[in-house]
Each structure stands twice: as structure tokens, then as C-alpha cells.
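quick check, what structure comes out for this input:
(2 chains)
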Amino acid sequence: KAGVTQTPRYLIKTRGQQVTLSCSPISGHRSVSWYQQTPGQGLQFLFEYFSETQRNKGNFPGRFSGRQFSNSRSEMNVSTLELGDSALYLCASSPGLAGGPDTQYFGPGTRLTVL
Amino acid sequence: AQRVTQPEKLLSVFKGAPVELKCNYSYSGSPELFWYVQYSRQRLQLLLRHISRESIKGFTADLNKGETSFHLKKPFAQEEDSAMYYCALTAAGGTSYGKLTFGQGTILTVHP
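Numbering: from 1, shown residues only, chains lettered A, B, ... in the order given. Now for the predicted structure:
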């Protein structure tokens, strides 16, 4: 099976702009999680979607949002970009089976630079 | 709250030496623990999870609930083991809904 793909791989934006990142999960996976990775804070959970519903959310401001489509592809959006939003954004997919935590499979990430 | 601590940011060993990467966690419920690895220019990938009790690439990890630890061990390190290693935690039973809490990571370097 093809792995998790993320587009674009690199983005440069300026403060105040908004950005949309895309994630295509492994075929058959229904759960998509998003993480922000920075040198200072490490890997931090943003949110998780399953069957087009957000089931869990991390401690990030409302400028960070996401959605999931019926084919399980997911997008995340960051509005009013700040310099501190510069990071590697990772998405991970898993089957989303009931009864236990699944193994998450990670994409290569989107490197966002805010100038 | 969930917290994972990896006390060593950097760890260097020589080829053939034993290696232990430390991971301590804090969680009031029943945890599920993972080790993820990121080799140079590759994506983050699962190394092992405690529930499967498998040995992957010679690595093992035992969950010690009394000491709240999940240290990763390998008896004889190889140069290809050089990578960034992350310990991660989630709630057992799937109630964390996709949330993994990661430690800060340990960069392992194996010298020839």
C-alpha cells in the first residue's frame, strides 16, 4: 500500500496569511491525526479526525483548524500566521479500529516557514 | 495529564556495545507505550509497541508500571541504529482518539 502523503512538502508564507496543508492517509485508514514539530516544543498533537468528525483536539489556538473528507483525506488550516507557527507539520493515519489504540503511520511532513 | 520524559538528548556508543535509551512517563490511567524511530532523511516510523512484545531489529522494551518506565534496549548496537528515537504514550483502550504524547527524543549515534 502507498504510504501517507502530504502536500505541499514546503511552504513559505508571511505573517498574517493563512495556509492549508493536505494529507492523504493510507488506503483503508479512517483516522488522521496532525502534529506540529518544532525544535523547542518537540512533537505536539493538534487534532484527530475520524469519519469526518473531530474526535480529539490538542492545546492550540482556534487559528488551527482542520477537516476530513468522505474519502478520509484531511486538511489543516492555519489562519493569521505568526512567526511561531514555523514548524514541520506531520500527519499520521491509522485504521481507527474500535477497542484499542492503533499504530499511527506518519507522512513525510510539510515544512512551513513564516516570514 | 500525560507526560513522557526522555532524559538523554544525545547518546553515543560504539558498535557492538549495549545501548539503553531511557523513557519515563506520567499518566494516571492505563498506558500504551510506543517507540518510534526516525532515520536520517526518512519519516517517523514505528519501532515497537509494548503490547505486541516483539523484538524489532534486536531492540526490546519492557513496560515497568512500578517505575513508570519503558526503556529501549539493544545488547549489541550497530552503526545503522544511528537515528532519533522517540518514546510515545497514549491511553490504552483507544480513548485518546489518535493522540500520542511524545518525549523530546534521543539522538543515538553509534560509532564504528
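
for chain B, which residues are neighbours of chain A?
Applying CB under 8 Å from any CB of the partner chain, one finds that chain B approaches chain A through B:32, B:34, B:36, B:43-46, B:49, B:51, B:86, B:90-94, B:96-105. Quick note: C-beta positions are derived from backbone N, CA and C, even for glycine.

would you list the buried entries among those residues?
B:32, B:34, B:36, B:43-44, B:46, B:49, B:86, B:90-92, B:94, B:96-105 (16 or more other CB atoms under 10 Å in any protein chain shown).

quick one, what contacts the nearest residue to A:S86 once chain neighbours are set aside?
The shortest distance from A:S86 to any non-neighbouring residue, by CB to CB, 6 or more residues apart in numbering or on different chains, is to A:V114 (4.7 Å). By CB atoms under 8 Å, 6 or more residues apart in numbering or on different chains, the contact set of A:V114 is A:I12, A:K13, A:T14, A:R15, A:L81, A:E82, A:L83, A:G84, A:D85, A:S86.

and these, which of them are buried?
Buried among those (16+ other CB under 10 Å): A:K13, A:L81, A:D85, A:S86.

three-state assignment of whatever residue of chain A ends up closest to chain B?
Among the residues of chain A, A:E48 lies nearest to chain B; the distance is 2.9 Å by CB to the nearest CB. Here A:E48 is strand, with the state taken from DSSP: H, G, I helix; E, B strand; the rest coil.

leaving out chain neighbours, which residue sits closest to the residue in chain B that chain A sits nearest to?
Among the residues of chain B, B:G98 lies closest to chain A, at 2.9 Å counting by CB to the nearest CB. Once flanking residues are discounted, B:G98 sits nearest to A:E48: 2.9 Å by CB to CB, 6+ apart.
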